[in-house]
Structures are given as C-alpha cells and as structure tokens.
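Asker: generate coordinates for the sequence data below:
(chains A and B)
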Amino acid sequence: MAALKKSMSTDERQIQVRFVTKQEKYALPEAPFSIPCGIKADLLSVLVNNLLQTRETGWEEVEFDFLISGEFVRLPVVEHLKLKDINTEVTIDIEYLERFPAPEPEDSLNHDDWVSASHCFKDWILTGSYDNTLHIWKTDGSHKTTIPGHCGPIKGVRWIEITGSLATFASVSHDQTVMIWTVDLETYAVERVHIGRGHERSIECVDVDKNSSFLATGGWDHMLKIWAATSDSVLTTEIDDGENQKLSTVNPGKSLRRTPLMTLPGHKEAISSVVWTESNEIFSSSWDHTIKLWDAELGGLKSEIVGNKSFFCVSYSPLNQTLVSASADRHVRLYDARSQEGSVVKSTFTSHVGWVSTVCWSTTHERLFISGGHDNILKLWDSRSPNAPLYDMVGHEGKILCADWSNPSLMTNPKGVKVKIKTKELGSALQEDSNLENLGNIEMDGELCASPLVEETNFEVLTGSIYDETRVRFIVNF
Amino acid sequence: MATASKSAKRRYEIVENKGNSEDVDDIIEAQVSDNADDSTDEESSEYSGLEDDEEDDSGDEEDESAWEEESDEDEEDDDQEQDMSTNEDSEDDSEDKVAPTAIPIEQVGSSAPVEEPARPVEDEYAYDSSDEEDLRNTVGNIPMNWYNEYPHIGYDLEGKPILKPKRGDEIDNFLRKMENPESWRTVYDPQTGQDVILSNEDVELIKNVMGSRIPDGSYNPYEPWVDWFTNEVMETPVTGRPEHKRSFIPSRVEAIKVGRMVHAIKMGWMKPREAKDTSVERHKYYLMWNADDKSEDVRRIENPIPAPKPRLPGHAESYNPPPEYAFSEREITQWNRLSETPYQRKFPFVPKRFSSLRAVPAYDRFARERFVRCLDLYLCPRAKKMRLTIQPEDLVPQLPKPRDLQPFPTVCSMIFKGHKGLVRTISHDPSGQFLISGSDDQTLKVWEVATGRCFKTFEVKGTVRCVSWCPNSAIALVAAAVDNNVYLINPGVGDRLVQAKTDEILKEMPAQTDYLIPQRVRAVLTWNEPDKEQWASGFRVILTHFKAVKHVAWHSKGDYFSSVMPEGDNRSVLIHQLSRRRSQLPFSKSKGLVQCTLFHPLRPYLFVATQRHVRVYNLLKQELTKKLITGAKWISSIAVHPGGDNVLVGTHDRRLCWFDLDLSTKPYQALRHHGQGIRAVAFHKRYPLFASGSDDCSAIVSHGMVYNDLLKNPTIVPLKKLRGHDKFDDFGVFDVLFHPTQPWLFTSGADGTIRLYT
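Answerer: Residues are numbered from 1 along each chain as shown, chains lettered A, B, ... in the order given. Modelled structure (predicted):
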C-alpha cells in the first residue's frame, strides 16, 4: 500500500484504466482509475485487493494476475503497452483474474531405469521404462505391479479403457511391437492379449482415440499405423508364439497376433508423436519438420503444417482446438490446425534452454499446458502469456522425457492438484521425505500461494525423465 | 579632199549649236578637220588634197548654209546631213590649215585593221594623235565637271574655246530615243561634248569585252589545236628520218657504265645494293585509323591538361598580415631547414609586417617566381594521374551472411556421456537413429540419437581406431578397426529383420574352392570366424592383419570395404569384399605413409591420402587418375562431397583444403580458421554444409554450396565455430560427423564425450 502511494505521488504519467473480470466474485465497479504508468503487476494486485477490501469486510488477500488484450502483464504497464502498440490515450481495459496457484512437489516414484513413457487415467498411472518393463501405480504413489514383456525399451504407453476392475492398456517399444494388455485392478493379474507386428523399425509413440476403439502408432519406419484397440479376438489373425523365448516364459498363455488395420505412409522421417482428435482425425509430428493431419476413416492426408525444425511432440486440446508442439529448437509453438490464412504458428513460447521433448495440454483447463525439456525443467504455461511460463518446476536431475496430467473426475481432496515429476537420484540412499525436503527449495516463477483455494477439479502432472529412479509429486493448487 | 576612212567609221554627230560665234564653228571645223587629217592616206599629197579641197570647199559652203537652215528644222535629218557635211568640211578645213605642216603619221587607233578598201588614202602621218590624246579638246584628262558652269567645254588646238553643243531637254532626248533607230548606239563623249555613234565593229568590241572574251572580234578562241609534237604516231611524222640502229640494240653507253660498276664491285670500291627478298610477299599495313600518331600530336589541343592554378594571394601576402600569420620559431626553423628544397615550403616567402604601404620594399623574388611559373606552364610536362578510387574492401568478395544460410548447427543440444577415454571415432547408422562410437577405453558404444541413451556396449581388446557403419541399410554391420584386427559387428539395433538377415548371410563362410589366395595377401591378413562367445556378443567376421589398422572405409554399396595399415608400406591399403570373403592388395609400390582411404560415392574411384598428396585411382581401369597436391606436410583426413566432384582435405598444418576435381589439382580454397591441426572433416549428405574438427577443441561448420552450373565455383562461407569440448592431453576434437538427414553435427572429443550440435 505504501509502495502504491509512493508511486502515485511521483510525477509519473498517468494512464486511465478500467478493471474488468470474468470471475464474478471479484467484481469491481467499472469506473476508470488513473494509475501511474510504470506500475507493475504486483502493485496492481495490491490496488485491486484494496478496492475489494473496501467492499467486503474480512477480506483475505488474493494474488491477481492481469491481462491486457489477452496477454499477461509481466513488464511495467507502460512498457507492455508500448510493446503491443496499444494507444495509451484511451481508457485501457485491464482484465484481472485470480493468480494461478503455484505447484508444490508432492511425491516421487522411483524407477530402476529411465522412464520413457507415462500415462495417467482416472486413478491409475502407467509407466514404461528403458529396462523393458511396464509399471502400474496408483495416484497415491503406491506401486502396484511390474510387467516385463517387451524385448526392447518401451517408448509409449496408453490406457485404453478402465471399466470397473478390468483395464486395458497398450505399450509400444523398440522391439517393433505393439502390445495390448488387460489387467485386473484388484488382483493385478496382467495378461498380454495381443501383439501387433507390422512396424519395420522401432515404434516411438502411441495414442488411443476417444472411443477407445483404435490405436495409432508411429515409428522410425516413417509409417503411421492404425490398429484396433478392442481386446476381442475377432480381429486377430493367428496365434503368436512369440519369436523371443523371453516372451513366452513370462506369459505362457497364447498371445494373438494382430496386424494393423491401416498403414499411412507420407512422412519422410521418423514419426515422433501421434494424437487423436475428437473427430476421428490424427495429428502426427515427425522429424521431417512437418505435422500432418490424417483422416482415420478414409485413410488419407488432410493437411500438413510445415516447420523449420524436427518436431518431438505434439498435443491437441479439444477445448480450444489448438495444437502445441515441441521441437528441436527451444520453442514451444501453438498452432491452429484449421486456419489457412496468415502464419500457421499462432504464438511461440520461449523459455527452455535446450530441446523441448514433451508437451501436454491440460484436459480441463483450456489455457494451460506443460512442457518439459532437456534442461530438466518442467514448465507450466498459460497460452496467453508467451514470454514466460507461469511456473517452472525444477527438481528433476535428468532430462524430462514425458509428462502428463492426471485428471480424476472426482476428487474429494480439497487440496487439489497434484503434479508428479520423476527425477533421478543415483544411489538412492535418500528417502522420499528427504526428497521432498530437498525439493522444498524450489525456485518458482510465481509466488507460492499461501492459502489453498477451493476448486472442484484437481489436476496432476506426471513427467518422466532420464536416469529416473525417483519420482516426485508436486502439488499445484488451483 | 581627204576623205578619211577612219573618219567614216566614227561619225560624229554634231549637236546643233545655235552658232553663237564663228569661233565655235571654227573650232568645230577645226576638230572635224583634225579628224579628217587622221584619215588621210599616204597616197594623198598636199597637192592632191588641194584638188580635193576645192571640191570640198564647195561642199562645205553648201553644207554650212544647209546647216544653218537646218537648224530651224528637225535636227535628226539635219544631223545626218550635217555629219556628212561636217565631215567634208572638216576635211577641207583641216587641209587648209594643217596641210603645210602635216607630217605623215601612222594611223594610230584601236579600230580594226579591216578597212574599206574603197576609201581614199589618208595621210597617216598628218595626224599625230593616239586614242588617249584627243586633240579636239586640249584640256587633257581632267574631270569634265569642272566645265559644268561654263558655256565652253574646252579649248581646241588654236586655243579657242569649244562651245558646248546644245543638248536637248528630256523630251527631245526621249523623242530621239524613240525615233532614232540608232539611239542605242549613241554615246555622249564628255571630252568633246559630242554624241558618238558606235560602228558595228565598236559594238562588237564592247560586246566581247562585256562577255569577258578577247575584244578582237576576229579572234576565234576555238581554233583547232594543231598538235605539232604528238605522242601518237602520225602518219606524217615531224621528221622523216629513219631510226638509228642504236634504237634497237642494247645501249652501248649503258653497257660501258655497267662494266665500270661491275669492275668497281669486283675491286671492292663499291658495294652492291642489297637484294630485296622478293620471294616473300610483304604485306603492306596501312594505319587506317591513325589514332596513335595523331593523338600524340593533337593531345595538347584535344585533351588539354590545364596548368596548375597559382595560389591566390591571401592574408599572408598582405603588407600588414594579421599577427597569427607571422612565423613562429618553429616555422622559422622549418623554413630555414627547407632552404635546399624551397618548393616544399608552405609559402615561398616569409610574411613580413610593414607599417604602411609606402614602406613596402620591392619584392626580390618577383622575377624568379614569374620564371618558375613560366617553367610550370610550358616546360613542365603534365600528366593526368589516375587515382585509384577502388577501396581494397571492395575487392573482397561479398559473402552471404550466415543468417541467410540457415539451417546449420549452432548450439550444443546433447552430450553423450559414458565413455571413459578418448572417443576417437564415431559413425551413424544410415537412418540416423543410432550412433556408434569407439574409444580408447576399449569399448564400442551404440547410442540413441534422440535421447542420448547408450543402448549397447561392445568390449574389444585394444584401442578402437576407427568405426564405420555399413551404408547399405539392408545390412546391419559395423566395421571397427581395433589394433591389428578389423571386426565386423552386428550392432543389434534397428530393424530386427535386417539384423536377422545379416546374421544369416554371415553365418557361414562362402566356399573358396576356385579361388587361391595370393601369397602376398595371405602374408598380410586372414579372414577369421568368431567363436561362439564372440558371436553372441555381436562379432560376425574378424580380419586379422599383420600390422595395426588405422582406418576402415566402406563402399556405398556395402559389399566392399577398405582398411589401411600405415606401417605396411606398399601393402598398406587392402580392399576386401564381404560377400566373397576376399581381399586384394591394389598397390605394389609405396607412395608414402597412407593416412586414410575413401571410396567415391558414385563412381569407381578410390581416394588414397598419404601424408602429402591425395591420389585418385580409377578402380576399373586400375590406373592413377589424379594427384591432388595440398602443399601441406601432413594430411589427416579426407571427405568427399555427395555430388562426387569436390574433396575436402584436412591437414595437421591447420589448413583445410577444398579441391574441385574438375578445376585443378591444386586446392580451390585453403581455409585457415583453426588454431591447431585439423583431425577430421565431413560433408553433409543433404545440406550444403561441411565441418572440420581440430585439436583446439572446436569444430567449425561452414557453408559449401556446389552448383550444377559448371561456370560457377563453389561458395564457401564459414558459419560458426562450435565450442564445447574440453582439452585432454593436448587433444581436442577427434571426429566430426553430420547427421544423415537433419542439419546436426556430432563431434567426439578427447574428454570422452560426444556432442550433438543443432
């Protein structure tokens, strides 16, 4: 308050602003205010808090974030306006909203080898690692089962369906196979139902469509293959004995071989990631600097986005129909796949220092996504603020290979979001608690929120990284 | 009596005079009589004239009376008669007066000699006059307008005034003109005051004069020319005498002269004229444009170089210059110092101050300065000196900016850690997914490029000098040079089908029944099969050489590969064929210490790099095609452009030579960007990039664009110096390698790491 008064008393130029909000509980009258132009977001927040305090008694301070014309204000207001070429003569509408709460580390799940893939669905976490094994965990951090079965490092895992106590999931690996498994969530008995052979080289990525009926995989043979994801035996052709002795010993039961329903050639280099959209289309990103949009029903190429660098990961959000991509330069790019006019890249998010290896949209929030890179940092972004992420989650000691949100539909815990990050600790004499303590000194981009807020939904972020033996969870309060 | 022919020609029209006095008549008569005297013939004598006089007298009297009478009447008729009469009268009178003293004078006059022969003979000597001297009026050649106011017009011989004859007024003149048919040939003689009627001959004369012809009417300018001495042989020659015999025989006179000349030549008194060489036809060259000669002559006129302008006087020349123009001590000493070379001084004088203009003395150097100026003007040769306006920076070729030549690797994105010793060599698989590296810690490691994970490690006994992944993607093999052996290893990553196939192919040795291994080859190496343990770990074929192998290179088809043993002398280079398990020694003579070999990507050439030269051999023709001369003392590595026409040679002399094989055997460009010797060079397969790694722990990536246009030389632009490796034991970067498809660079260093730059 004093700082605000001080800045108001100096002979700075004043700007007329009006505060608007979309959150009704913080509504203010739309009367214009005259504020000094060099003011920053923190002082603005103090101002709004004071204004709100005058309205209600017993007001608790809330941190606000400010947006001018859809972009977060990170610089002094006048510089932000100059940068965006906004006329300072007229009354400017500043939208304010409650600041996103900072994530906190929650837990760490240890692995023996690099965690190369992870997927969270409902309460269950599925991970695959470089020691050819799959792991099933629960979101509370307990390890349920280890599943060996592949002959090569596992590159992608996906839950297909969880109905009651029966769950189906798929895994792809370097040994050129797609394996579809069923697991009983009470007994944790795992059965490999199908082996899909068809790729000529290692498979890099896998995704399931929203109806849980199809799988799409892509790999180093430049082909995108679509498989049936159902576990019924109608589509299987023959019994697969398993070419490798190791397979049959582990799973003495018969695994039925499956062949791909469709093969879509087109890419000139390895396919690094595939995503299904809600309308039976597939986005595939590749090292040949393109992102292609395929029609899964007809089996043809619909459109493509060409870039300058190899793409490592794409993520699609049905909430806002935009794609976000991670590539060999350190930028995260936002694309609107439908738009034809203008430049295809809508905005570029620059903050990583090295390659960005993975991105993931939030499934409930239409503006949030996370990105993880080879600089060991996981960043939480709001799509409206391209210059700086909302939060940096430091803690991993190795490169981040995969990240995911966990989104339980029901959550009783008012504490909200949990973010899980996997890090490495060699010679793990350290316990989980000490891990937490270690990670307590986290450098955050924003302020740690003191008071948790009540929210309906909670989010978790899972990441996997190199040299992973531990996994740490961060709590993100919303 | 004397009827003069001459007087007949000139008929004088005597203007009627009112007859104021007899004197006038007398005068007129006298004049007339003078004329009459002129025309007398020789034959007529005094005496004859007397007789005539009588007749004339009578005629005169009659005429006079008639004359007086006629004065009242028309003059024209009278004039004619008067003329006749006056003529007669004049003759009579003249005879009376002049006859005794008359001396026969030859007739002088311009009148043509054509005479009327019927005229009576006149006494020419009686009349003494010329045309100029008209004795009718004795005033002489004076302007006659002096007599305008007087009634008389002169004096006759007697001294009596000659009265002006009456001239009619304009009307009379006009009428006379109209009616007198001879008015056109009537001329008024101002000397005598008479009208003269010109005769035909006179008219002809005047016409000739006016027409610029010879006045003499009888002259015909068109007379035929009679060629008296003509070159035509006339029928009737000028002379009729026949030619002499000497006209037909050789000249005797000349023979004598020639004999004398010959004698003189023989005696040596005279030298013969040099014979012209007429056998050779000499062309005559004509200076058609005459530019050079002319230009020198008229250079001063056409391209004048103006004289240097003299300096205008300034304040220093003033008699009272401002104090700042006075020389300071330093300037004075400088002025004195330059006394030997006064032209180098700033001023040719020392500025002096005087109180007034009166006090200014004469300038002593005036004449000298004028003289010098004159020398400058006429003596000093002047030439236009062309100043070079070219800046040296303009001559430097403009290279494109690195920013325009993207993409190229700029930052280090990944470090592959795992080796414990120097990583001497790296190689990538044809697809670009994996990387294999060999190190001094006696291991070979297979890495995944995307994540940096070491997939596999192969233990070997000995330092790995060179690894090379087979470029044929249908065969999964890696050739590794370890001490004396070359191992062909199945890396076990990638397409499992291909791996299985490879294993199958290499399981058995093909039968060597027909083939006898030459003794030479047998002494050098043996093809061995690995034992079970080795097979399990991935080794498929072992070639044991007799010396240490430094370098292995695959042919692009994947069947042939070469190995290099630098200590093998003439048996350094071996070429092996995998499918038949055969080897050959292509060279019989040692050309130097062989550093490395390379197969041409497209054509059947083999590049062999010794320490100083790179030799290109045609394998089909089995002969040396080219020898590339670098000029360096120690070549370390070579790389060939995927197009096949350009070769990069890296040397330990810090020089990187780019050879254009089509251009010459000398380097097209030699780049000296590194601070220490270059260990490895590489080309990119797709992008126009090349890189060099050196012992100064840096790799320099450059743009090297090769054009299809044969006239355009390759463009070489150094782009970026990539640093990152640490120096270990004086070694820096050992090997550089480009990713096959992406613009990424792998470098392996002495610090045991492999770095990926993107």
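Asker: helices of the stretch 101-250 of chain B, residue ranges please.
Answerer: Secondary structure of the stretch 101-250 of chain B (DSSP state H, counting those that start in this stretch): helices located at B:170-179, B:200-210.
Asker: could you point out which element follows the helix or strand where residue B:300 lies?
Answerer: Assigned by DSSP states H and E, residue B:300 falls within helix B:291-302. Once the chain leaves helix B:291-302, the next helix or strand it forms, by DSSP H and E, is helix B:329-337.
Asker: which positions in that next one come out as buried?
Answerer: For helix B:329-337, the neighbour count (16 or more other C-beta atoms under 10 Å in any protein chain shown) marks residue B:335 as buried. C-betas here are computed from N, CA, C, even on glycine.
Asker: now do the phi/psi pair for the residue in the stretch 251-400 of chain B positioned nearest to chain A.
Answerer: Nearest residue of the stretch 251-400 of chain B to chain A: residue B:400, at 18.3 Å (C-beta to the nearest C-beta). Main-chain dihedrals, residue B:400, degrees, to the nearest 10: phi -70, psi 150.
Asker: what's near enough to touch it?
Answerer: Taking C-beta atoms under 8 Å, 6 or more residues apart in numbering or on different chains as the criterion, residue B:400 is in contact with B:703, B:715, B:717.
Asker: among the helices of the stretch 101-250 of chain B, which is the most enclosed?
Answerer: helix B:200-210 (a mean of 14; mean count of other C-beta atoms under 10 Å in any protein chain shown).
Asker: from the chain's centre, how far out does the helix or strand just after that one sit?
Answerer: Going down the chain from helix B:200-210, the next helix or strand is helix B:252-267, by DSSP H and E. Helix B:252-267 sits 55 Å away from the centroid of its parent chain (C-alpha atoms, centre = their mean, to the nearest Å).
Asker: any chance of CSV for the helices of the stretch 101-250 of chain B, columns distance to chain A and mean pLDDT?
Answerer: Shown next, in CSV, are the helices of the stretch 101-250 of chain B (distance: least, C-beta to the nearest C-beta, whole Å; pLDDT from 0 to 100):
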stretch, distance to chain A, mean pLDDT
helix B:170-179, 112, 89
helix B:200-210, 105, 90
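Asker: and for residue B:447, the neighbour number?
Answerer: By the criterion of other C-beta atoms under 10 Å in any protein chain shown, residue B:447 has 25 neighbours.
Asker: what does the one 4 residues further on give?
Answerer: The local packing count at residue B:451 equals 20, with neighbours defined by other C-beta under 10 Å.
Asker: ok, now residue B:710?
Answerer: Neighbour tally, residue B:710, other C-beta under 10 Å: 9.
Asker: host element of residue A:268?
Answerer: Per DSSP H and E, there is no helix or strand for residue A:268.
Asker: that older thread, tell me the one among the contacts of residue B:400 nearest to chain A.
Answerer: residue B:703 (16.8 Å).
Asker: Three-state assignment for the closest one, please.
Answerer: Of the three states, residue B:703 takes strand according to DSSP: H, G, I helix; E, B strand; the rest coil.
Asker: that one pairs with what?
Answerer: residue B:689, residue B:717 (DSSP bridges).
Asker: next: residue A:300.
Answerer: Beta-bridge partners of residue A:300, as defined by DSSP bridges: residue A:295.
Asker: residue A:282 is in contact with that one, correct?
Answerer: No: the criterion here is C-beta atoms under 8 Å, and residue A:300 misses it with residue A:282 at 11.1 Å.
Asker: shared neighbours of the two, anything?
Answerer: By C-beta under 8 Å, 6+ apart, the residues touching both residue A:300 and residue A:282 are residue A:294.
Asker: more neighbours, the two?
Answerer: Comparing residue A:300 with residue A:282 by neighbour count (other C-beta under 10 Å), the higher total belongs to residue A:282, at 23 against 10.
Asker: who are the contact partners of that one?
Answerer: A:207, A:216, A:224, A:226, A:274-276, A:293-294, A:296.
Asker: thinking again about what came up before, which one of the contacts of residue B:400 has the most neighbours?
Answerer: Each of these was scored by neighbours using other C-beta under 10 Å; the highest score is residue B:703's, at 22 neighbours.
Asker: ok, that one touching residue B:405?
Answerer: Yes: using C-beta under 8 Å, residue B:703 is in contact with residue B:405, at 4.6 Å.
Asker: intersection of neighbour lists for those two?
Answerer: B:717, B:719.
Asker: so, low pLDDT: which residues of chain A?
Answerer: Along chain A, the model assigns pLDDT under 70 to residues A:1-11, A:231-254, A:340-343, A:407-478.
Asker: quick check: domain ranges of it?
Answerer: A:13-98, A:103-476 (automatic domain parsing).
Asker: so which of the ones you listed comes closest to residue B:242?
Answerer: domain A:103-476 (118.1 Å; C-beta to C-beta).
Asker: what residues are bridge-paired with residue A:394?
Answerer: Applying DSSP bridges, one finds that residue A:394 bridges with residue A:377.
Asker: for chain A, what lies in contact range of chain B?
Answerer: A:114, A:116, A:130, A:153, A:174-176, A:200-202, A:220-221, A:269-270, A:272, A:287-288, A:308-310, A:312, A:328-329, A:354-355, A:374, A:399, A:401, A:466 (C-beta under 8 Å from any C-beta of the partner chain).
Asker: can you flag which of those belong to strands?
Answerer: A:116, A:272, A:312, A:401 (DSSP state E).
Asker: how about low-confidence regions in the stretch 351-500 of chain B?
Answerer: Using pLDDT under 70, nothing in the stretch 351-500 of chain B is flagged.
Asker: which stretches of it form strands?
Answerer: Per DSSP state E, counting those that start in this stretch, the stretch 351-500 of chain B carries strands over the ranges B:412-417, B:423-428, B:434-439, B:443-448, B:454-459, B:464-469, B:478-482, B:485-489.
Asker: let me have those strands in JSON lines, extended by distance to residue B:200.
Answerer: Formatted as JSON lines, those follow (distance: least, C-beta to C-beta, whole Å):
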{"stretch": "strand B:412-417", "distance to residue B:200": "133"}
{"stretch": "strand B:423-428", "distance to residue B:200": "133"}
{"stretch": "strand B:434-439", "distance to residue B:200": "137"}
{"stretch": "strand B:443-448", "distance to residue B:200": "141"}
{"stretch": "strand B:454-459", "distance to residue B:200": "146"}
{"stretch": "strand B:464-469", "distance to residue B:200": "135"}
{"stretch": "strand B:478-482", "distance to residue B:200": "138"}
{"stretch": "strand B:485-489", "distance to residue B:200": "141"}
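Asker: ok, now which ones touch residue A:51?
Answerer: So residue A:51 contacts A:19, A:28 (C-beta under 8 Å, 6+ apart).
Asker: so it sits in a helix?
Answerer: Yes: applying three-state DSSP, one finds residue A:51 inside a helix.
Asker: check the gap between residue B:174 and residue B:691 for me.
Answerer: For residue B:174, the distance to residue B:691 (C-beta to C-beta, to the nearest Å) stands at 126 Å.
Asker: before we move on, what about residue A:189?
Answerer: 55 Å.
Asker: for the residue nearest to the spatial centre of chain A, which residues count as its bridge partners?
Answerer: For chain A, the residue sitting closest to the mean C-alpha position, by C-alpha atoms, centre = their mean, is residue A:360 at 2.5 Å. Taking DSSP bridges as the rule, residue A:360 bridges to residue A:370.
Asker: residues touching it, list them.
Answerer: By C-beta under 8 Å, 6+ apart, the neighbours of residue A:360 are A:315, A:369-371, A:403-405, A:461.
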